[in-house]
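In: after the sequence you'll find the predicted model.
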Amino acid sequence: MSSTFIGRRLRLSIFGQSHSEAIGMTLDGLPAGLPVDTEALQAFLNRRAPGQNDWSTPRREADRPEFLAGLKDGCTCGAPLTAVIRNTNTRPRDYSKLKITPRPGHADYTAEVKFGGFQDFSGGGHFSGRLTAPLCVAGGILRQALAVRGITVDARIWELAGIRDEGAFESSVAEKSFPVVDDAAGEQMRLAIQSARAEGDSVGGIIECVVRGLPPGVGEPMFDGLENQIARLVFAVPAVKGVEFGAGFRAARMRGSEHNDAFCVNAGRVETVTNHAGGILGGISNGMPLVFRAAIKPTPSIARAQQSVNLKTLSPETLTVEGRHDPCIVPRAVPVLEAAAAVAVYDMII
């Protein structure tokens, strides 16, 4: 399946299924001698790991990567870097109905059409958000590599269930259990998640990611622009339904005189007074913070009965989804978007 590979100079492969023995990644093209802080990487993975709070799925997984190749004495050795994460808390029996009755909002039906009934549909199989764990292994390592160059990649919940975090996003919120700037807004968001869960439903939101310290000149015009590469990685996250850069869709409601970022000189550096472009012009970084946002859909697996069809009889059928699911995937997706951005940006500057 060639679609599991991505990258220009780097080559990233993600493998495994939600309830298979393991999931993992191979990252090829890394320079030798790149230090990897495995403790910091584990802390990064813990931000995405399931079963840690009341807004997450009760499925518990340690998400501890085992490096099989490419790492020696704490540094990359030039060989392809491969790591696996063991799946230890699987319950494929929860998904026995799905081969015949697909879940609305999931890839059950399209996977059945594409692979002729041979796919692993337990927990969504290879289409599951579980596969974002190995993406975070790759992204967590490259996030460290970017930090050495003075480039930081940070994300926060910008909006959830219609509630906006209006705080100025000037530094990382990674140390917070709920990644927002305004904790009062975060409390309202948590209450909205609890309310949706109590009603057997789910909510979605918007994540904002900022890359700071990226020098001007990174990227290419046309097909290999920074927006292109980041968007491609971000859309690999199953819950993402939209991506915007800078002012994004708001730019369509602005005049040119409002949207254009005036140039200025600050301490001998060319900068812009505003940043409606999100740090990118013509697919190339301009030295300002790179800003993008991604829309995350509500978790499609909900406790409410939903209308589906029986694929054998082609008759209507009511489906009640079983298993363990997040009432909101947004908080756990924050480090995933950081990982996706780190992979894309490092691939452009290596």
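Out: Happy to help now that I have it.
In: contacting residues for residue 200?
Out: 302-304 (CB atoms under 8 Å, 6 or more residues apart in numbering). The C-beta positions use only the backbone N, C-alpha and C, and glycine is treated the same way.
In: need the contact list for residue 145.
Out: 34, 346.
In: checking it next. Helix, strand or coil?
Out: State at residue 145, reduced to three classes by DSSP: H, G, I helix; E, B strand; the rest coil: helix.
In: likewise for residue 189?
Out: Applying three-state DSSP: residue 189 is helix.
In: quick check on the contacts of residue 200: which are buried?
Out: 302-303 (16 or more other CB atoms under 10 Å).
In: out of the contacts of residue 200, name the ones that lie in strands.
Out: In strands, defined here by DSSP state E, there are no members of the contacts of residue 200.
In: what is the nearest of the contacts of residue 200 to residue 148?
Out: residue 302 (42.7 Å; CB to CB).
In: quick one: that closest one and residue 325, what's the gap?
Out: 8 Å (CB to CB, to the nearest Å).
In: just residue 229 next, same as before
Out: 31 Å.
In: quick one on the thing from earlier: which neighbours do residue 302 and residue 325 share?
Out: residue 202.
In: low-confidence stretches in the stretch 201-350 of the chain?
Out: Across the stretch 201-350 of the chain, the ranges flagged by pLDDT under 70 are 323-324.
In: secondary structure class for residue 30?
Out: Assignment for residue 30 (three-state DSSP): coil.
In: let me see the contact set for it.
Out: 10, 70, 76, 78, 81.
In: so which of those is the most crowded?
Out: residue 81 (24 neighbours; other CB atoms under 10 Å).
In: how far away is the closest residue in space to it that isn't next to it in sequence from residue 80?
Out: Of all residues not flanking residue 81 in the chain, residue 70 sits nearest, at 3.2 Å (CB to CB, 6 or more residues apart in numbering). Plainly put, residue 70 is 5 Å away from residue 80 if you go by CB to CB.
In: which residues are common contacts for these two?
Out: With CB under 8 Å, 6+ apart as the test, residue 70 and residue 80 both reach residue 27.
In: filter the contacts of residue 30 down to just the ones in strands.
Out: 76, 81.
In: mind picking the lowest-pLDDT entry from the contacts of residue 30?
Out: On pLDDT alone, residue 10 ranks lowest of those, at 92.
In: that residue against residue 26, yeah?
Out: No. Checked against CB atoms under 8 Å, the pair residue 10 and residue 26 is beyond contact range at 10.6 Å.
In: residues touching residue 66, list them.
Out: Residue 66 neighbours (CB under 8 Å, 6+ apart): 83-86.
In: between those, which is nearest residue 217?
Out: For the contacts of residue 66, the nearest to residue 217 is residue 83 (32.0 Å; CB to CB).
In: tell me, how many residues neighbour the closest one?
Out: Counted with other CB under 10 Å, residue 83 comes out at 23.
In: now it, nearest residue through space, not along the chain?
Out: residue 65 (4.1 Å).
In: pretty sure residue 64 contacts residue 85?
Out: Yes. If you go by CB under 8 Å, residue 64 and residue 85 touch, sitting 6.9 Å apart.
In: can you tell me how far residue 62 is from residue 46?
Out: 9 Å.
In: swap that for residue 112, sorry
Out: Taking CB to CB, one finds residue 112 at 35 Å from residue 46.
In: list the buried residues of the helix or strand harbouring residue 257.
Out: Residue 257 belongs to helix 256-259 when elements are defined using DSSP states H and E. If you call a residue buried by 16+ other CB under 10 Å, then helix 256-259 has these buried ones: residue 259.
In: any idea how far that helix is from the middle of the chain?
Out: 31 Å (CA atoms, centre = their mean, to the nearest Å).
In: how about the helices in the chain?
Out: 38-48, 108-115, 132-148, 183-198, 226-234, 256-259, 330-349 (DSSP state H).
In: deepest of the ones you listed, which one?
Out: Greatest average neighbour count among the helices of the chain goes to helix 330-349 (a mean of 26), per mean count of other CB atoms under 10 Å.
In: residues contacting the nearest residue to residue 244 once chain neighbours are set aside?
Out: Leaving aside its sequence neighbours, residue 244 sits nearest to residue 293 (CB to CB, 6+ apart; 5.4 Å). Residues near residue 293 by CB under 8 Å, 6+ apart: 158, 206-209, 243-244, 248.
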